[in-house]
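Peer 1: here's a sequence, model it:
(one chain, ligands or ions: 3)
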Amino acid sequence: MIRLAIQKSGRLSEDSLNLIRECGISFINSSLKLKTEATNFPLEILFLRDDDIPGYVADGVADIGIVGENVLVEEGREELQVQKLGFSRCRLSIAVPKNEAFDDITALEGKNIATSYPNLLQTYLSGEGVQAHIHTISGSVEIAPSIGLADAICDIVSSGSTLISNGLREVQTVFRSEAVLIAHQNLATAKQQLLDQLLFRIDAVRKAQKAKYILLNAPNQAIPHIKSLLPGMKAPSILPLAEEGWSSVHSVVNEDDFWEIIEKLREAGAQGILVVPIEKMIL
Ligand SMILES: Nc1ncnc2c1ncn2[C@@H]1O[C@H](COP(=O)(O)OP(=O)(O)OP(=O)(O)O)[C@@H](O)[C@H]1O
Ligand SMILES: O=P(O)(O)OC[C@H]1O[C@H](OP(=O)(O)OP(=O)(O)O)[C@H](O)[C@@H]1O
Ligand SMILES: [Mg+2]
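Peer 2: Ligands and ions are numbered 1, 2, ... in the order given. Model (predicted):
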């Protein structure tokens, strides 16, 4: 049995649970129960405060965990990181009241900055040669300037709407983060094997998330050009259509290149283009 720690309730929770489910692992989840066992994989899930997860994994109380890189680095536990997971992307940024002048980072010299990430902020300021007073608070950081607690803040930003709602302006990014899978450093062989199985499934899920299955019809004379636009996993499949002189082309495209490729395919004569999500992808 391998023990996984995830955030009980917050920005990481839903996507962490979804990832486990997409790996084909089933479990009963009740918001009151802080521990559950998977029904079809030797996995136990612990629901914890995110700040506690790196420590539990380092001590071996949990074998593996999912946390934001920001928390991992803040706690000085980078060595536990195994795999980036691509969700809960955000940045740790410095913000000041929106009408405050700010030419460069030296404007913060001698100022009070409120944050929940004192270590990440201190590392950044030291690198810039700026000395400031760091005031550590555990939440609602964006309120600090308006109540006279600090001149600036350093907190998590995603859409930026919390900053705007609180009359603040982002002036400097300190750290970029996403969710990561972490693991205890000396896992027993049996647990390491379970982690490897899990990583294999996570890899298949993540590859599939970035890829789309594409089907289209095209006149046979357009096929060489269309083939050159569609790499596929090895090469595109080309099947004759029931209509003379036409073929059906099946392939896999990356989400990032998707719209650009679609445009080119249309120009090349493709018709009836269907795009289908892929559930798992094993190369
Ligand atoms: N707005 C956001 N968009 C995307 N990711 C975010 C956002 N805010 C935070 N995160 C990421 O999710 C993690 C958890 O954020 P959350 O706000 O739920 O933490 P928390 O309030 O400290 O939770 P806990 O109660 O577990 O201590 C952060 O450490 C960060 O990596
Ligand atoms: O740029 P935005 O999209 O507005 O997101 C940023 C906000 O999200 C996080 O807080 P969250 O909402 O998770 O609440 P919390 O303070 O209780 O952790 C973070 O601490 C910011 O306050
Ligand atoms: Mg927390």
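
Peer 1: what is the neighbour count of S9?
Peer 2: When neighbours are counted by other Cβ atoms under 10 Å, S9 registers 11. (C-beta placed from N, C-alpha, C; glycine too.)

Peer 1: assign it to helix, strand or coil.
Peer 2: Assigned with DSSP: H, G, I helix; E, B strand; the rest coil, S9 falls in the coil class.

Peer 1: what does F41 give?
Peer 2: coil.

Peer 1: ok, it to Q193 distance?
Peer 2: When Cβ to Cβ, to the nearest Å is the yardstick, F41 and Q193 sit 12 Å from each other.

Peer 1: and those two? Which one has more around it.
Peer 2: F41 (18 against 12).

Peer 1: and the chain, which of its residues are near ligand 3?
Peer 2: Within the chain, the positions lying close to ligand 3 (Cβ under 5 Å from the ion) are 50-51.

Peer 1: tell me which parts of the chain are close to ligand 2?
Peer 2: By Cβ under 6 Å from any ligand atom, the part of the chain that sits against ligand 2 consists of 10-11, 139, 142, 155-162.

Peer 1: again, only this time at 5 Å
Peer 2: With the criterion set to Cβ under 5 Å from any ligand atom, the chain comes near ligand 2 through 11, 139, 156-162.

Peer 1: which residue of this protein sits farthest from its center?
Peer 2: Most distant from the centre of the chain: E244, at 47.0 Å, with distances by Cα atoms, centre = their mean.

Peer 1: per-residue pLDDT of that residue, please?
Peer 2: pLDDT, E244: 95.

Peer 1: next, it: phi, psi?
Peer 2: phi -50, psi 140 (degrees, to the nearest 10).

Peer 1: what about it, distance to ligand 3?
Peer 2: 64 Å (Cβ to the ion, to the nearest Å).

Peer 1: which of the residues of the chain next to ligand 2 count as buried?
Peer 2: 11, 156-157, 162 (16 or more other Cβ atoms under 10 Å).

Peer 1: show me where this structure dips below the pLDDT cut-off.
Peer 2: Scanning the chain with the threshold set as pLDDT under 70 gives 232.

Peer 1: kindly report the domain assignment for it.
Peer 2: 2-87+179-187, 90-177, 211-277 (automatic domain parsing).
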